[in-house]
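>>> predicted model and sequence below, questions to follow.
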Amino acid sequence: MLWNALVAPVAGLPIAGVIWYQGESNADRAAQYRALFPVMIRAWRAAWNDPKLPFLFVQLPNFDDAPKPAPPGEGGWAELREAQALALREPRTAMAVTLDIGDPKDIHPREKQEVGRRL
């Protein structure tokens, strides 16, 4: 639904690359994200008919990292960060590391200019 509403209408317009800042809502499904995130990157590239389209993304910040019991593959933020890092196997991707600028009690890092600079 989101793809059809927000991305599909602009697919094919000239862009220099993609910046992606998302993942916190997938933290309880890290194993699924490990498979779906690279597929999504390839889907954006296919929609723009550009296999070399740069895809930059932001690592989940330092938030809610208290260990919690979870089945393997569903380990929360740390495991989601690992899934994000695995997406670096896709060509022309880069990840802005943000662990050092987050606040464990605030989901939104205050240093947004630093996030942008790292991208």
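Received the coordinates, thanks. Residues are numbered from 1 along each chain as shown.
>>> for the protein, which segments count as helices?
Taking DSSP state H, the helices of the chain run over residues 2, 30-47, 77-86, 112-118.
>>> quick check: which of those is buried the most?
helix 77-86 (a mean of 19; mean count of other C-beta atoms under 10 Å). Where you see a C-beta, it was placed from the backbone N, CA and C, and this is true even at glycine.
>>> I'd like to check the angle between it and helix 30-47, please.
30 degrees (axes from the mean of the first three to the mean of the last three C-alpha atoms, to 10 degrees).
>>> which elements pack onto helix 77-86?
Where contact means 3 or more C-beta pairs under 8 Å, 6 or more residues apart in numbering; DSSP states H and E, helix 77-86 is packed against helix 30-47.
>>> what is the helix it packs on packed up against?
The contact analysis (3+ C-beta pairs under 8 Å, 6+ apart) places helix 30-47 against strand 55-58, helix 77-86.
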